[in-house]
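**Q** What follows is a predicted structure for the sequence shown.
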Amino acid sequence: TWLGGPGNYTDATNWDIGVAPINGSPQPADNYDVIVGGGSLTLDTSVAVNTFSLSNAQFDVAGSQTLSAAVTFGAGAVIGGGTLNLTGASAASAVNSDLYLNLDSGAEISNSGTFTHAATGAGATAIVLNANSGAAGSVFQNTAGGTFTANTAAADASIGYGATNAGNLFLNSGVFNKTGIHDYAANVAFQNVGVVNVQQGALHLNGGDGGATTGSYAVGNGATLAVGSTVHFASGASVGGSGTFQMKSGAADFASGSSMTAGSLQVLSGTMKFLAGSTLGSTALAVSGGTLQLDIDHTFNAASFSANGRIAGSGHVTFSGTTSLGTGSYVFGGSGLKEFAGTTAFTSNGVDQFFNVEGGAEVQQGGFPAAGRSGDGHLLTGWHGQREPVEGVDRPAVEGLVEVDGLGGGGGRGMHGAAAPVVRVGGGVSLG
């Protein structure tokens, strides 16, 4: 047991047993379980012991040192400066109490073993970078041989906390597993050049990726990968699995050579881009805000729109199968054709519905059934103006093209066209 210090690990007077605990010293058969429960200690040499428990203590590292042990980080552990290399089975967890493992003053943890960050009780749990000093540059690195598990079976957890995250980084070159039904938030830059498995719950990328992502994400059934900052999926990067990719804010772009084949894509806010040369698989689409830019040709077999949203880009985008457009204002723009080739259901429920075609854009409608339309709802095309149009009067709008193969029946206010577009009308479709 550490007596409190401050002092160096190798100073025998700082230990209750009168020797610095290192396996095989002073006798070859000597093995140690180490407890540091307070005070201040500087690790001035690499150490191998059986177990190592650190809590409520300042733990500084002189240069780069290796701690080979089953390490437990409890509440109040602070790593101050230097690089701590972990090679064994490490864990940061606390039961029914707050746990904050602080990497301070530019400290770095490099894990080549197994590291588990577990939310196991009612308290808050976070790996915090530079909360005390305010300095930038602390790094948690999960190396190519390491496995990091974020286990949120009992509560939410995070790496990074509050507004103390600028300039700090979590770098995954190994395997990162997200387990447990609760959320895990990466509030620092999360750069993935290895493998991330989101098996349960949600992994939130709130701090961006610090430059570029080239690794893979596998999102399991019922799980979610949520982007809340700027993430660049470079060539070779991939997002797959049967779960959900959620664009909740910020910006995400998939560059040439990258791919997204998750089960569903949700665009809530922000801007998401699929650039030329990227791949988007057979993914169901749900848009309730933000912008989805597609510079690739793509077909959505199932899509739904609610509240707001914008579809842009140079690609030919086809909505086949069933497409549902609920109450809201939707903008379709960009140079690529936006084609509604399947069954399109407008469900305004008596509230104005804005279907806007931006200048230069072209939207081709294969049929507009009136499923769910009722009351005083409107369908407006190519119109950016006042909320209340005069019945039967077209309003000036941005130039565009809308083709409608069928129009018939209906309840009066009908379709308000753009100033310059061509609206082609056939038969057999009701707008309610």
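**A** Looks like it came in fine.

**Q** Tell me where the model's unsure across the stretch 151-300 of the chain.
**A** Applying pLDDT under 70 to the stretch 151-300 of the chain picks out residues 162-166.

**Q** where do the helices sit along this structure?
**A** Assigned by DSSP state H, the helices in the chain number zero.

**Q** List the contacts of residue 185.
**A** Residue 185 makes contact with 156, 157, 158, 159, 160, 204, 206 under the criterion CB atoms under 8 Å, 6 or more residues apart in numbering. Bear in mind the C-beta positions are built from the backbone N, C-alpha and C, glycine included.

**Q** Now with 10 Å, please.
**A** When contacts are counted by CB atoms under 10 Å, 6 or more residues apart in numbering, residue 185 touches 126, 150, 152, 156-161, 202-207, 226, 228.

**Q** One more: residue 321?
**A** If you count contacts by CB under 10 Å, 6+ apart, residue 321 has them with 284, 299, 300, 301, 302, 303, 341, 342, 343.

**Q** Let me know how buried the fifth one is, in neighbour terms.
**A** In other words, residue 302. 17 (other CB atoms under 10 Å).

**Q** Skip the chain neighbours and tell me the closest residue to it.
**A** For residue 302, ignoring the flanking residues on the chain, the nearest one in space by CB to CB, 6 or more residues apart in numbering is residue 284 at 4.5 Å.

**Q** if I look at the nearest residue to residue 299 once chain neighbours are set aside, how far off is residue 296?
**A** With CB to CB, 6+ apart as the measure, residue 318 is the residue that lies nearest to residue 299, at 4.3 Å, once sequence neighbours are left out. Relative to residue 296, residue 318 is positioned 12 Å away (criterion: CB to CB, to the nearest Å).

**Q** What of residue 153?
**A** Spatial separation of residue 153 from residue 296 under the definition CB to CB is 39 Å.

**Q** Pick out whichever of the two has more residues nearby.
**A** Between residue 153 and residue 296, counted using other CB under 10 Å, the more crowded position is residue 296 (20 against 13).

**Q** Settle this for me: the more buried one is touching residue 336, isn't it.
**A** Yes. Contact status for residue 296 versus residue 336: in contact at 9.0 Å, counting by CB atoms under 10 Å.

**Q** ends of stretch 291-302, how far apart?
**A** 18 Å (CA to CA, to the nearest Å).

**Q** Check which residues of it are buried.
**A** Counting neighbours by 16 or more other CB atoms under 10 Å, one finds that the buried residues in stretch 291-302 are 291, 292, 293, 294, 295, 296, 298, 300, 302.

**Q** And the furthest pair within these?
**A** The most widely separated members of the buried residues of stretch 291-302 are 295 and 302, with 21.7 Å between them, by CB to CB.

**Q** how far away is residue 247 from residue 197?
**A** In this structure, residue 247 and residue 197 are separated by 20 Å, where distance is defined by CB to CB.

**Q** thinking again about what came up before, need the buried residues of stretch 291-302 in CSV (columns: distance to residue 111).
**A** Listed next are the buried residues of stretch 291-302 as CSV, based on distance: CB to CB, whole Å:
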residue, distance to residue 111
291, 38
292, 36
293, 37
294, 38
295, 38
296, 37
298, 39
300, 40
302, 41
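
**Q** any idea how far residue 239 is from residue 78?
**A** 35 Å.
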